[in-house]
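Chemist: Compute the structure for the input listed below.
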Amino acid sequence: MNADDAKAVMERLAQMDEPAAQTRLAWLVPELNRHNRLYHELNAPEIDDRAYDLLYRELQELEDRFPHLRAADSPTRRVGGKPVEGLEAHEHRVPMLSLGNAFSAEEMRDFDARIRRFLGDAAPEQVIYYVDPKLDGLAMSLNYEDGVLVSAATRGDGRTGEDVTHNVATIETVPLRVTPPEGPVPTRLSVRGEVIFDLPGFEAMNADRAASGQKPFENPRNAAAGTIRQLDPKVAAGRPLVFYAHSHGELEGVELPERHSELIALIDTWGFRNAGGTLCVGIEAVIEAIADLGERRSSLDHEIDGAVVKVDDFGLQEVLGFRTRDPRWAIAYKYPPAQVSTVLDDVIFQVGRTGAVTPVACLRPVRVGGVTVSRATLHNADELDRLDLRMGDTVRVERSGDVIPKVVTVVMDDGHAARPLVVYPEHCPECGATLVRDPTEAATVCPNSLSCPAQLRGSLKHFGSRRAMDVDGLGEKLVNQLVDNKLVGKAADLYRLKVAQVAGLDRMATKSAQNVIDALEVTKDRPFERVLFALGIRHVGESTARDLAAAFGTLDALMAASVEDLVAVQGIGPVVAESVHGFFQEPRNRDHIQELRDLGVKFTPPAPPAADAGSQALAGKSFVLTGTFPTLAREDAKARIQAAGGKVSGSVSAKTDFLVAGDKAGSKLTKAQSLGVAVIDEARLLEMLS
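Modeler: Residues are numbered from 1 along each chain as shown. Purely as a prediction, here's the structure:
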């Protein structure tokens with residue numbers, strides 16, 4: 001849109017009175033929504049960007065002049081409004097239930113057999129199933145009244161979710177108004193589906209973040225969940241989220257079709273996108289469809305972790321009904337982690353903040369589970385020995401838990417034995433110190449903790465991280481510059497920095513430097529547990545730091561504690577106790593702590609427990625968290641347990657009272673079951689908290 005076009009629009013709009021504006025808006029809103037769908041969903045635009053921009057400018061100007069005429073489905077609502085104060089609870093009128101799982105063709109045949117047994121004489125000769133991709137996203141319910149979007153909520157515990165309408169309304173593929181091409185508008189409708197990042201959009205977003213100096217997101221699923229739970233809708237409006245519909249909860253005012261496949265076709269005409277499904281006659285056709293989808297999995301534009309299989313006939317669904325937590329007429333088939341082959345080009349050895357030296361495989365870029373992977377962890381020397389890894393080998397790579405890439409195995413070929421073996425270096429790649437390996441542990445470490453720049457960078461980043469001291473502005477780039485310019489040699493030196501020193505660094509100015517100095521000053525009042533975690537003591541995470549702070553109260557009491565005193569604290573085992581005791585017995589660590597104190601860091605003791613008895617509903621109970629939860633982030637769950645008087649540990653033991661297991665729970669679940677530890681889900685945890 002050039003200046004003359006914009007001027008002409010402005011002049012014409014200036015002549016409009018309210019009735020004329022109302023008439024024009026009644027045409028503009030549905031017309032722009034139609035063009036949005038043609039562009040974003042059907043990939044069949046009828047007008048160019050300039051023509052669209054002119055129409056959109058008209059809409060903006062008229063709504064600015066007559067804000068009371070702004071329609072509920074106006075495209076301008078996509079840009080996001082004011083931040084909300086917090087996420088409110090939303091009660092689902094029809095529960096969003098979970099699905100049972102199957103992992104093999106035989107389990108799918110068992111599923112079919114159960115259905116046929118339950119139906120008895122009513123069972124058809126061949127049950128017709130609908131098979132669609134199980135998108136790896138955030139479950140969502142969109143709720144409409146008289147065709148207008150009134151709310152959007154996460155699944156939560158199935159009955160109560162979080163109201164996230166302010167963010168979902170910004171998603172281009174979410175209709176703000178349901179407009180059937182023919183027939184009546186539903187008076188009440190809830191459409192269930194998944195909010196995701198499709199992979200092209202996710203990679204483009206990460207490229208933009210990297211170019212602007214921001215940290216890229218690790219995986220689409222977590223990025224989508226985090227975006228939807230933001231309080232400021234402008235964050236979601238600026239990210240390429242997509243909504244895919246897969247089912248319904250309520251439908252009133254429109255006759256429900258006889259089959260699920262017909263319903264999907266119907267809501268597709270109402271403006272919703274779906275991931276595509278396959279009708280299958282009989283369970284053997286279902287098994288073939290699942291296998292075909294699995295083969296195409298890596299080429300899809302969105303991440304999937306399985307297939308959902310439903311009885312297509314709504315009448316049969318009603319007869320089959322539900323079990324306690326899931327419908328009898330549907331099941332989720334889960335795929336194993338996606339694996340692909342690629343070539344090992346190199347192995348680099350990275351030094352962490354604790355001195356552990358970790359081998360990392362540099363791979364020829366390959367798409368694994370829909371994400372381009374060029375590096376993968378090799379863990380330690382034992383793993384290198386197990387793999388018999390050699391430069392130039394073809395390797396099989398998977399994303400462990402569909403998140404962290406790892407090398408699974410080497411493809412043995414005729415040239416494998418002749419290639420150079422990958423071995424650990426003898427000296428630290430950062431400082432040259434001779435590496436050592438504790439025979440009781442798998443880690444190979446650099447012992448030069450005082451002078452190794454990699455360990456210093458890692459310890460400073462950890463010290464300033466959000467869950468430790470939370471130093472605003474102390475990011476990776478600034479830490480690297482501080483170390484490279486020898487301005488900081490340990491955490492205490494951060495509090496000696498002057499504005500002029502920081503302002504002299506690359507891409508820093510006086511104002512930004514002052515902000516960092518001010519942020520450091522604020523951290524001097526951080527509570528004891530946060531400073532303790534920030535010190536980076538081996539085996540001491542947030543939960544352990546909190547337990548130690550609560551048990552000993554003051555830094556001096558903790559520093560004077562014996563190994564026996566430490567082991568007596570619930571959740572502290574002998575390995576952790578030895579590590580903590582050894583840390584405080586080391587003179588240079590005690591000197592560093594004294595420097596922090598001299599510079600004003602207070603190690604503020606924890607406040608006494610609140611007198612409110614209701615806040616101690618979990619007092620004396622020990623929890624371990626594993627997997628991904630429907631509504632709670634792991635840190636949120638941990639904080640709520642601790643606020644209710646419970647303790648959260650990182651590992652399962654005989655002392656654990658409850659394991660809270662979400663999706664993709666792994667070895668912790670197995671161990672809990674072997675020890676007889678009670679296993680609960682998020683819904684049960686929320687009940688206990690309430």
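Chemist: Would you mind writing the CA trace of the longest helix seen in the chain as PDB?
Modeler: Selection of the longest helix in the chain by residue count, based on DSSP state H, yields helix 18-40. This file holds the C-alpha atoms of helix 18-40, laid out as PDB (Å, rounded to 0.1, in the frame of the first residue of the first chain):
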ATOM      1  CA  GLU A  18     -22.000   5.800  11.800                       C
ATOM      2  CA  PRO A  19     -24.700   4.100   9.700                       C
ATOM      3  CA  ALA A  20     -22.400   4.100   6.600                       C
ATOM      4  CA  ALA A  21     -19.600   2.700   8.700                       C
ATOM      5  CA  GLN A  22     -21.800   0.000  10.100                       C
ATOM      6  CA  THR A  23     -22.800  -1.100   6.600                       C
ATOM      7  CA  ARG A  24     -19.200  -1.100   5.400                       C
ATOM      8  CA  LEU A  25     -18.000  -3.100   8.500                       C
ATOM      9  CA  ALA A  26     -20.700  -5.600   7.900                       C
ATOM     10  CA  TRP A  27     -19.100  -6.300   4.500                       C
ATOM     11  CA  LEU A  28     -15.400  -5.900   5.500                       C
ATOM     12  CA  VAL A  29     -15.300  -8.300   8.400                       C
ATOM     13  CA  PRO A  30     -16.600 -11.400   6.600                       C
ATOM     14  CA  GLU A  31     -14.800 -10.500   3.500                       C
ATOM     15  CA  LEU A  32     -11.400 -10.200   5.200                       C
ATOM     16  CA  ASN A  33     -12.100 -13.400   7.200                       C
ATOM     17  CA  ARG A  34     -12.800 -15.200   3.800                       C
ATOM     18  CA  HIS A  35      -9.600 -13.900   2.400                       C
ATOM     19  CA  ASN A  36      -7.700 -15.000   5.500                       C
ATOM     20  CA  ARG A  37      -9.100 -18.600   5.100                       C
ATOM     21  CA  LEU A  38      -8.200 -18.600   1.400                       C
ATOM     22  CA  TYR A  39      -4.700 -17.600   2.200                       C
ATOM     23  CA  HIS A  40      -3.900 -19.400   5.500                       C
END
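Chemist: Would you mind listing the buried residues in whatever helix or strand comes next after that helix?
Modeler: Downstream of helix 18-40, the first helix or strand assigned by DSSP states H and E is helix 49-65. By 16 or more other Cβ atoms under 10 Å, the buried positions in helix 49-65 come out as 52, 55-63. No exception for glycine: its C-beta is placed from N, CA and C like everyone else's.
Chemist: Kindly report the same for stretch 173-184.
Modeler: Applying 16+ other Cβ under 10 Å to stretch 173-184 flags 173-179 as buried.
Chemist: now the end-to-end length of that stretch.
Modeler: Using Cα to Cα, to the nearest Å, one end of stretch 173-184 lies 22 Å from the other.
Chemist: Report the mean confidence score over that stretch.
Modeler: Taken as a whole, stretch 173-184 has a mean pLDDT of 90.
Chemist: now do stretch 366-380
Modeler: Averaging pLDDT along stretch 366-380 gives 82.
Chemist: Give the buried residues for it.
Modeler: Quick answer for stretch 366-380 (16+ other Cβ under 10 Å): 366, 368-371, 373, 376-380.
Chemist: Backbone dihedrals for residue 116, please?
Modeler: The phi and psi values for residue 116, taken as degrees, to the nearest 10, are phi -70, psi -40.
Chemist: ok, it touching residue 127?
Modeler: Yes: Residue 116 lies in contact with residue 127 (Cβ atoms under 8 Å); the separation is 7.0 Å.
Chemist: For these two, indicate the residue with more neighbours.
Modeler: Ranked by neighbour count (other Cβ atoms under 10 Å), residue 116 and residue 127 place residue 127 first, with 20 against 15.
Chemist: wait, what's in contact with the more buried one?
Modeler: 112, 115-116, 282-283, 311, 316 (Cβ atoms under 8 Å, 6 or more residues apart in numbering).
Chemist: Got phi/psi on it?
Modeler: Torsion angles, degrees, to the nearest 10, at residue 127: phi -70, psi 130.
Chemist: Can you give me the distance of it to residue 290?
Modeler: Residue 127 sits 15 Å away from residue 290 when distances are taken as Cβ to Cβ, to the nearest Å.
Chemist: And residue 410, by the same measure?
Modeler: 29 Å.
Chemist: CA atoms only: put stretch 413-420 into PDB for me.
Modeler: Taking C-alpha atoms only, stretch 413-420 is exported to PDB below (Å, rounded to 0.1, in the frame of the first residue of the first chain):
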ATOM      1  CA  ASP A 413      29.500 -52.000   7.200                       C
ATOM      2  CA  ASP A 414      32.700 -53.300   5.500                       C
ATOM      3  CA  GLY A 415      34.600 -50.100   6.100                       C
ATOM      4  CA  HIS A 416      33.800 -49.700   9.800                       C
ATOM      5  CA  ALA A 417      37.000 -51.300  11.200                       C
ATOM      6  CA  ALA A 418      39.300 -49.200   9.000                       C
ATOM      7  CA  ARG A 419      38.000 -45.900  10.200                       C
ATOM      8  CA  PRO A 420      39.700 -43.900  13.000                       C
END
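Chemist: avg pLDDT for it?
Modeler: 91.
Chemist: Can you get me a residue count around residue 387?
Modeler: 19.
Chemist: Touching, it and residue 409? I think so.
Modeler: Yes: counting by Cβ under 8 Å, residue 387 does reach residue 409; the two are 7.0 Å apart.
Chemist: Between the two, which contacts overlap?
Modeler: residue 395.
Chemist: List the contacts of residue 325.
Modeler: Each residue near residue 325 by Cβ under 8 Å, 6+ apart is listed here: 97-98, 158.
Chemist: what's the answer for residue 193, then?
Modeler: With Cβ under 8 Å, 6+ apart, residue 193 has these contacts: 139-140, 142, 243-247, 272, 274.
Chemist: Strands - which of those residues land there?
Modeler: Among those, the ones falling in strands (DSSP state E) are 139-140, 142, 243-247.
Chemist: Go through these and name the one nearest residue 462.
Modeler: Set against residue 462, the nearest of those by Cβ to Cβ is residue 139 (34.0 Å).
Chemist: check contacts around that closest one.
Modeler: By Cβ under 8 Å, 6+ apart, the residues touching residue 139 are 96, 154-155, 192-194, 630.
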